[in-house]
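Undergrad: Structure, please.
(chains A and B)
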2 protein chains.
Amino acid sequence: MFAEILTIGDELLSGNTVDSNAAFIASKLTERGYWVRRITTVGDDVEEIKVAVMEILGRKPEVLVISGGLGPTHDDVTMLAVAEALERKLVQCEECLERIKVFYEKLYREGYIDDPNLNEGRRKMTYLPEGAEPLENTEGAAPGAFIEHDGVKIFVLPGMPREMKAMLEKEVLPRLGKRKFVQRKFLAEITDESKLAPLLKEALEEFNVRIHSSPKGFGKYIGLIIFAEDEKEVDKVTQFLNDRGISLEPWKL
Amino acid sequence: MFAEILTIGDELLSGNTVDSNAAFIASKLTERGYWVRRITTVGDDVEEIKVAVMEILGRKPEVLVISGGLGPTHDDVTMLAVAEALERKLVQCEECLERIKVFYEKLYREGYIDDPNLNEGRRKMTYLPEGAEPLENTEGAAPGAFIEHDGVKIFVLPGMPREMKAMLEKEVLPRLGKRKFVQRKFLAEITDESKLAPLLKEALEEFNVRIHSSPKGFGKYIGLIIFAEDEKEVDKVTQFLNDRGISLEPWKL
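TA: Numbering: from 1, shown residues only, chains lettered A, B, ... in the order given. Now for the predicted structure:
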């Protein structure tokens, strides 16, 4: 039961943009109880995207969230690449065509653009892989897509953070089942991470949790993030560590 | 002639940390003329890391930069996983052992830690894949590693940004050949990205460049990043766009 994330954009590969989208998607999936197993980033290239999608599907995740490359320009090729990876045709979504017409007419009336007509680039955004359900973009033009394929729930979202976030919250999360997953953060008062290591190893063997630890500066604290299916299991770990002389305090990020 | 980046850490997959390391490494490699083809992120798990490394090596990049998971705790397993992926043994690096002894003795004298001795966790950091050249960590304990394997230059760096950045600048970049690559950024005064699309498509066919475009808000500007082997080729593109009525101004990020 795991999820994967695929972010798309030359600006990510050139380092011009830090991939905060991947972290946002990851945090929302983690909150929902999904184990995000891998994040992949490729450029705005049909072949690269197609290969990456096929590789991810081969690992059989429950959920795949893709973000980026849905706009009107030459380098927005995600829907085409996803369609090719799934061996589906790109077909026009009538509902999307209507929405995009309304969207550009509104921008035109408000004086943001010179021409409300649907040129080739704008029209491109109305094509989705065959069988996809369109996802509404409340913050921009390009619709997203939801596709169930060989047991994988695939969501294709825009790359603009404002659009992606709105679509994730309004269109993706409601389509994922309700699951519970607890993630609690602590600061351990201990002067050196390596002294904590054998205790964490023991806790991992004894309890049904995942623990991530990271130093917060020498002589200060070690940050601990404990993941579990319920609060009780987290409490067992904190009790275990307390009993061995490690005092924990809540860690507010 | 391309590079790949592998970042490692549960905190990246849970969305607790935004992967700014990947962007930093990507920008430095891009400046040096490498095309970063893919960025992969996996968790602190021997099998996940091993599989990812093997997949990347199968694509035969010129350079692979790995970052994360070199510390003393239970979840720092990168060197072990890399060794397994390369079918090499982990062997103790005598030079690293000496450095780490000195490092902890200094922290002890300065009052940052209670015990200067090398426990299991600290000792773990002195093991590198057989045949690796150690990379000096001027900002922390864990050494990095440089391994040439089947024609791929593999660099293994820490995940703490300060340590990673110093090692990249001082130990990695000097080991990469000098190549030139130009990346120039512009803002195009145009009200709608989709009107620019056919012109960019034409420019891509005519000139030896890569262009990334992204909207900077409706009614304002479109951001353009032009990549080329020399300035002249960039100038040809800006001239081409100017001739077609698109005025560009330098874009300062």
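
Undergrad: from here on, contacts and neighbour counts on C-alpha atoms
TA: Will do.

Undergrad: Which residue ranges of the stretch 101-250 of chain A form helices?
TA: A:120-124, A:161-167, A:193-206, A:231-243 (DSSP state H, counting those that start in this stretch).

Undergrad: Quick check: which ranges of the stretch 151-253 of chain A have low pLDDT?
TA: Across the stretch 151-253 of chain A, the ranges flagged by pLDDT under 70 are A:179-180, A:191-193, A:215-220, A:252-253.

Undergrad: How is chain A divided into domains?
TA: According to automatic domain parsing, chain A comprises the domains A:2-175, A:182-250.

Undergrad: Check the offset of the shortest one from the chain's centre.
TA: Spelled out, it's domain A:182-250. Offset of domain A:182-250 from its chain centre (C-alpha atoms, centre = their mean, to the nearest Å): 26 Å.

Undergrad: circling back to that earlier point, could the domains of chain A go into TSV alongside distance to chain B and mean neighbour count?
TA: Converted to TSV, the domains of chain A look like this (distance: least, C-alpha to the nearest C-alpha, whole Å; neighbours: other C-alpha atoms under 10 Å in any protein chain shown):
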stretch	distance to chain B	mean neighbour count
domain A:2-175	4	20
domain A:182-250	5	17
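
Undergrad: closest to B:Thr17 out of the ones you listed?
TA: Relative to B:Thr17, the nearest member of these by C-alpha to C-alpha is domain A:2-175, separated by 6.8 Å.

Undergrad: For the domains of chain A, give me CSV that also has distance to B:Asp243.
TA: As requested, the domains of chain A are exported to CSV (distance: least, C-alpha to C-alpha, whole Å):
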stretch, distance to B:Asp243
domain A:2-175, 20
domain A:182-250, 55
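
Undergrad: so which of these comes closest to B:Val63?
TA: Nearest to B:Val63, of all the domains of chain A, is domain A:2-175, at 14.2 Å by C-alpha to C-alpha.

Undergrad: Show the end-to-end separation of the closest one, please.
TA: Using C-alpha to C-alpha, to the nearest Å, the end-to-end distance of domain A:2-175 comes to 16 Å.

Undergrad: Need the residues that contact stretch A:153-160.
TA: Defining contact as C-alpha atoms under 8 Å, 6 or more residues apart in numbering or on different chains, one finds that stretch A:153-160 is touched by A:7-8, A:21, A:62-71, A:79, A:142-148, A:164, A:167-168, A:172.

Undergrad: if we go to 7 Å?
TA: The list of residues contacting stretch A:153-160 from outside it, by C-alpha atoms under 7 Å, 6 or more residues apart in numbering or on different chains, reads A:62-70, A:144-148, A:164.

Undergrad: Ok, stretch A:244-253 next?
TA: Residues outside stretch A:244-253 that contact it (C-alpha under 7 Å, 6+ apart): A:Lys185, A:Phe186, A:Leu187, A:Ala188, A:Glu189.

Undergrad: where does A:Tyr50 fall, phi/psi-wise?
TA: Just so we're on the same page, residue A:50 is Lys rather than Tyr. With angles defined as degrees, to the nearest 10, A:Lys50 shows backbone torsions of phi -60, psi -50.

Undergrad: so what's it up against?
TA: Applying C-alpha under 7 Å, 6+ apart to A:Lys50 gives the contacts A:Ala81, A:Val82, A:Glu84, A:Ala85.

Undergrad: can you rerun that using 6 Å?
TA: A:Ala81, A:Ala85 (C-alpha atoms under 6 Å, 6 or more residues apart in numbering or on different chains).

Undergrad: what's the pLDDT at it?
TA: The model reports A:Lys50 with a pLDDT of 97.

Undergrad: same deal with A:Ile147?
TA: For A:Ile147, the model assigns a pLDDT of 98.

Undergrad: Residues in a beta bridge with it, which ones?
TA: When bridges are called by DSSP bridges, A:Ile147 pairs up with A:Ile154.

Undergrad: So A:Arg25: helix, strand or coil?
TA: No Arg there; residue A:25 is Ile. Secondary structure, DSSP: H, G, I helix; E, B strand; the rest coil: A:Ile25 is helix.

Undergrad: excluding its backbone neighbours, what's nearest A:Pro134?
TA: Among residues not flanking A:Pro134 along the chain, A:Ala145 sits closest, at 4.6 Å (C-alpha to C-alpha, 6 or more residues apart in numbering or on different chains).

Undergrad: and the one you found, what is it in contact with?
TA: Going by C-alpha under 6 Å, 6+ apart, A:Ala145 touches A:Ala132, A:Glu133, A:Pro134, A:Leu135, A:Phe155, A:Val156.

Undergrad: Please tell me how far it sits from A:Phe186.
TA: Distance, A:Ala145 to A:Phe186, using C-alpha to C-alpha: 38 Å.

Undergrad: Could you do A:Phe207 as well?
TA: Taken as C-alpha to C-alpha, the span from A:Phe207 to A:Phe186 is 17 Å.

Undergrad: do the same with A:Glu202
TA: Taking C-alpha to C-alpha as the measure, A:Glu202 falls 18 Å from A:Phe186.

Undergrad: I'd guessed A:Gly223 sits against A:Leu187; true?
TA: Yes - using C-alpha atoms under 6 Å, A:Gly223 is in contact with A:Leu187, at 4.6 Å.

Undergrad: what about the helices of the stretch 101-250 of chain A, which gets the closest to A:Ser14?
TA: Nearest to A:Ser14, of all the helices of the stretch 101-250 of chain A, is helix A:161-167, at 18.0 Å by C-alpha to C-alpha.

Undergrad: Show me what the closest one is packed up against.
TA: Using 3 or more C-alpha pairs under 6 Å, 6 or more residues apart in numbering or on different chains; DSSP states H and E as the contact test, no helix or strand touches helix A:161-167.

Undergrad: And the strands in chain A?
TA: A:2-8, A:35-42, A:63-67, A:90-92, A:127-129, A:133-135, A:144-149, A:152-157, A:182-189, A:209-215, A:221-228, A:248-250 (DSSP state E).

Undergrad: what's the second one packed up against?
TA: To tie it back to what came earlier, the one meant is strand A:35-42. Secondary-structure packing of strand A:35-42 (3+ C-alpha pairs under 6 Å, 6+ apart): strand A:2-8, strand B:35-42.
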